[in-house]
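Chemist: Sequence first, then the predicted structure:
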Amino acid sequence: MIRQKGDRDRLELNGLEIDCVIGDQPEERGREQRIVLDLVLNCDLSVAGASDALCDTVDYAVLAETIRLKARAARCRMIESVAELAARVCLAEPRVTEVCVRVEKAGAVPGLGSAAVVVTRARGGGDA
């Protein structure tokens, strides 16, 4: 693929499964449910591509585990809150300039396969 002006490098983390307390209904507050996150991090990957060294890129294993631990501890009521939490964790990594987070919760409503939110945040705050 030929890069066009304005294209950005991306690191994608797909299908991050987290079992946590999530939901606003009383019956949801006493049990864990699974949510699934997809994250797209905009960051310059050229240095890591040239060096082949983990220290030159985003350590996505550490990032995923940090998001998992923070989401479990937060016991959020809304998937929107989990998305914001995950975006903040990603943007705390200096190499990440922008992040898009999708959070999906299956079985949120009877007869509905899943509910999901997508947020995009950039360094410096707010929507991208």
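Modeler: Alright, I've got the coordinates.
Chemist: Give me the helix or strand of this structure that scores worst on average pLDDT.
Modeler: When the helices and strands of the chain are scored by mean pLDDT, DSSP states H and E, helix 46-51 comes last with a mean of 92.
Chemist: Name the residues that touch it?
Modeler: Helix 46-51 has contacts (C-beta atoms under 8 Å, 6 or more residues apart in numbering) with 9, 54, 56-57. Where you see a C-beta, it was placed from the backbone N, CA and C, and this is true even at glycine.
Chemist: Point out where this structure drops to low pLDDT.
Modeler: Per-residue confidence for the chain (pLDDT under 70) gives these ranges: 1-7, 125-128.
Chemist: ok, now with 80
Modeler: Along the chain, segments meeting pLDDT under 80 span 1-7, 108, 124-128.
Chemist: circling back: looking at the contacts of helix 46-51, which are in helices?
Modeler: Using DSSP state H, no member of those falls in helices.
Chemist: Pull out the buried members of those.
Modeler: Among the contacts of helix 46-51, those classed as buried by neighbour count (16 or more other C-beta atoms under 10 Å) are 9, 57.
Chemist: Greatest separation within the contacts of helix 46-51: which pair is it?
Modeler: D9 and L54 (16.0 Å; C-beta to C-beta).
Chemist: Downstream of the least confident helix or strand of the chain, the next helix or strand is which one?
Modeler: With elements assigned by DSSP states H and E, the helix or strand that comes after helix 46-51 is helix 60-74.
Chemist: Following the chain onward from that following helix, which element is next?
Modeler: Using DSSP H and E, the helix or strand that follows helix 60-74 in sequence is helix 79-91.
Chemist: What's the local residue count around A53?
Modeler: A53 is flanked by 9 other residues according to other C-beta atoms under 10 Å.
Chemist: cool, and E32?
Modeler: Neighbours of E32 (other C-beta under 10 Å): 13.
Chemist: was I right about it contacting D19?
Modeler: Yes - contact criterion C-beta atoms under 8 Å: E32 and D19 qualify, at 4.6 Å.
Chemist: joint contacts of the two?
Modeler: Common neighbours of E32 and D19, counting by C-beta under 8 Å, 6+ apart, are absent.
Chemist: The spatially closest residue to I79 that is not a sequence neighbour: neighbouring residues, count only.
Modeler: Nearest non-adjacent residue to I79, counting by C-beta to C-beta, 6 or more residues apart in numbering: V103, 4.5 Å away. For V103, the count of nearby residues is 28 (other C-beta under 10 Å).
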